[in-house]
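Colleague: Would you be able to build a 3D model of this:
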Amino acid sequence: MKKEIAEFIGTFTLVLLGCGSAVIAGGDIGLFGISFAFGLALIGMAYGIGPVSGCHINPAVSLGAVAAGRMQMKDAVRYIVAQTAGAIVAAGVLLLIASGKADYTLVENGLGQNGWGVGYLGEYTLIAAFVFEVVATFLFMVVILGATGAGAPAQFAGLAIGLALVVIHLVGINVTGVSVNPARSVGPALFVGGTALAQLWLFVVAPIVGAVAAGLLFKSGTLDAA
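Modeller: Below you'll find the predicted structure:
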């Protein structure tokens, strides 16, 4: 399997199952269940495609790896294209499945899109949303780089990273729905449009800022990434 195909499949899985848990099963499993759906999807893919591509399945993670000196930009660009395509296709498949329920509407039920402000979950401000996404992605990237660094027990990396994503969702779903992943935000927003599309910039910029900051921290030697 080529690395780009692996990244497409991994991101497709994360968006379909993670966002799908909110759209299709959210009323039954609640915030706790949705958080674990995202984390468990990532854990599964970490062990499924990790040996092929490293299971970035997240443009911010790929750019963070570039900042840390663990990836070339040309390779990151190919990853990002595959990740974004996987997220868009997954959102389309989720819409097709969800539309099979008589009372589903895209306007009312959405596709698990991210957002902030009046009418969105906890109605947090733009500043709160931006700060959460930057800090959460920074911490997520620290876990990723640390868990996959030399000397770390490689067999537990996927578990550590997936559980970190669970905790981030438990804290942040009411703030932004949790992105920490531009591709995960792009897919649903393109289909939902409106406010979701207008607010998409934050879920591209903030995760990249957080991930690159973590990458630079490791590259500087402040944290041992040998």
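Colleague: quick one: secondary structure of the residue lying farthest from the centre of the chain?
Modeller: What lies farthest from the middle of the chain is A102; by CA atoms, centre = their mean that is 29.3 Å. Under DSSP: H, G, I helix; E, B strand; the rest coil, the three-state class of A102 is coil.
Colleague: so what's it scoring on pLDDT?
Modeller: If you check A102, the pLDDT there is 96.
Colleague: Then the one 5 residues further on?
Modeller: The score at V107 is 94. That number is its pLDDT.
Colleague: That one is in what secondary structure piece?
Modeller: Here V107 is covered by helix 106-109, with elements defined by DSSP states H and E.
Colleague: And that helix, what's buried?
Modeller: Within helix 106-109, the residues scored as buried using 16 or more other CB atoms under 10 Å are N109. Quick note: C-beta positions are derived from backbone N, CA and C, even for glycine.
Colleague: chain center to it: distance?
Modeller: In terms of CA atoms, centre = their mean, to the nearest Å, the centre of helix 106-109 is found 22 Å from the chain centre.
Colleague: Report how many residues lie close to V118.
Modeller: By the measure other CB atoms under 10 Å, the count of residues near V118 is 7.
Colleague: Where does it fall, secondary structure wise?
Modeller: Using DSSP H and E, no helix or strand contains V118.
Colleague: how far away is it from V171?
Modeller: According to CB to CB, to the nearest Å, V118 and V171 sit 21 Å apart.
Colleague: Kindly report the same for F138.
Modeller: Using CB to CB, F138 is found at 14 Å from V171.
Colleague: which one of these two has more residues nearby?
Modeller: Neighbours were counted for F138 and for V171 using other CB under 10 Å; F138 has more, 22 against 13.
Colleague: Apart from its chain neighbours, what residue comes closest to that one?
Modeller: Nearest residue to F138 in three dimensions, chain neighbours excluded: G210, at 3.8 Å (CB to CB, 6 or more residues apart in numbering).
Colleague: Find the nearest non-adjacent residue to the residue nearest in space to the middle of the chain, please.
Modeller: Central residue of the chain (CA atoms, centre = their mean): N181, 3.4 Å from the mean position. Closest residue to N181 apart from its sequence neighbours, by CB to CB, 6+ apart: N58 at 4.2 Å.
Colleague: which SS state does the residue nearest to G117 when sequence neighbours are not counted fall under?
Modeller: Nearest residue to G117, sequence neighbours excluded (CB to CB, 6+ apart): E123, at 6.4 Å. Classification of E123 by three-state DSSP places it in coil.
Colleague: What score does E123 have for pLDDT?
Modeller: 98.
Colleague: Also M1?
Modeller: Here the pLDDT value assigned to M1 is 65.
Colleague: just A90 next, same as before
Modeller: For A90, the pLDDT comes out at 98.
Colleague: Please apply the same query to the one 5 residues further on.
Modeller: On the pLDDT scale, L95 is placed at 98.
Colleague: The one 3 residues further on now?
Modeller: Residue-level confidence at A98 comes out at 98, pLDDT.
Colleague: quick one: contacts for it?
Modeller: A98 is in contact with G20, V23, I24, Y104, N109, L111, counting by CB atoms under 8 Å, 6 or more residues apart in numbering.
Colleague: ok, now G177?
Modeller: So G177 contacts A22, G112, Q113, N114, G115, Y120, L121 (CB under 8 Å, 6+ apart).
Colleague: Could you rerun that using 7 Å?
Modeller: G112, Q113, N114, G115, L121 (CB atoms under 7 Å, 6 or more residues apart in numbering).
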